[in-house]
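S.K.: Got a predicted structure plus its sequence, pasted below:
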Amino acid sequence: MQLFYNPNISTETKSFSFDKEESRHIVRVLRKNTGDELFLTNGREQLFWATIVLANDKKCVADISKWETRPKTWDYELHIAMAPTKMNDRFEWFLEKATEIGIDEITPLFCDHSERKQVKMERMEKVVVAAMKQSLKFKLPKVNEPVKFKDFIVNKNWDLGLIAHCQEDDKKQLRDLIREKKKIMILIGPEGDFSKREIEEAKSLGISPISLGESRLRTETAGLIACNNIAILKNIP
């Protein structure tokens, strides 16, 4: 299945025109022609079947014939708030792999020890769209605008808040915390780790320190392990 994405498609849409870039890809690269079938999603757990009615490499048009709901395969909501890495490609690697595994929301987090203070929102959104299509998922993760650590942690909209850090602390194991929790948020710090002040602020708001293993992990690796471990543990009876 070759999956295409457009957020403007809805269950009321009857016909859809692709932009110039996707039209060229469909007609010139995939060599699709009039009458061929395409698959589309709006990133809101819906799959659409469409038939090409105009195979033009500048404006390909397709009529939508049917649609169905394709619910996400995980029954929890996972939000990872993570400090952008010094190298952009590492953060993008996390975005790609987390999307493939299954994640609902991602927030770039500016911390005391952050080396990168800017992110490219358009680029990040392209990465998660590409990963969603490649992994044949129909739920697009929400990528939030970057926010300062102290501003993020006060907006508690999760059932369980967790913070992964490298300092000595009374840390708990993921498996002991997540069983009955539906909305999970995990904080992942920068290369220099969270500051002591940030850790204490998080703990004062009920965010629990956790261990992700004995190894000292890169930021993007810690984020991916957290995402993967949640996926595994939540599926153990």
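M.R.: Arrived safely, thanks for sending.

S.K.: any idea where the helices of the chain begin and end?
M.R.: Counting by DSSP state H, the chain has these helices, from start to end: 20-24, 88-101, 121-134, 149-153, 196-204, 219-233.

S.K.: The longest one to helix 88-101, inter-axis angle?
M.R.: This means helix 219-233. Using axes from the mean of the first three to the mean of the last three C-alpha atoms, to 10 degrees, the inter-axis angle of helix 219-233 relative to helix 88-101 is 10 degrees.

S.K.: Contact partners for T85?
M.R.: Residues near T85 by C-beta atoms under 8 Å, 6 or more residues apart in numbering: 91, 94, 116, 190-191, 218-220. Just so you know, the C-beta spots here come from the backbone N, C-alpha and C atoms, and that holds for glycine as well.

S.K.: Look up how far P190 lies from it.
M.R.: 8 Å (C-beta to C-beta, to the nearest Å).

S.K.: Equivalent analysis for R116, please.
M.R.: Going from R116 to P190 by C-beta to C-beta gives 8 Å.

S.K.: Between the two, point out the one with more neighbours.
M.R.: When R116 and P190 are compared on other C-beta atoms under 10 Å, the one with more neighbours turns out to be P190, at 22 against 17.

S.K.: pretty sure the more buried one contacts S114?
M.R.: Yes - contact criterion C-beta atoms under 8 Å: P190 and S114 qualify, at 4.6 Å.

S.K.: any residues in contact with both of the two?
M.R.: With C-beta under 8 Å, 6+ apart as the test, P190 and S114 both reach 83-84.

S.K.: quick one on the thing from earlier: list residues touching both of R116 and P190?
M.R.: 83-85.

S.K.: Give me the buried entries from the contacts of T85.
M.R.: By neighbour count, with 16 or more other C-beta atoms under 10 Å, the contacts of T85 hold 91, 94, 116, 190-191, 219-220 as buried.

S.K.: quick one: which of the helices of the chain is nearest Q173?
M.R.: Q173 lies closest to helix 219-233 among the helices of the chain, at 9.5 Å (C-beta to C-beta).

S.K.: what's the closest one packed up against?
M.R.: strand 77-82, helix 88-101, strand 183-188 (3 or more C-beta pairs under 8 Å, 6 or more residues apart in numbering; DSSP states H and E).
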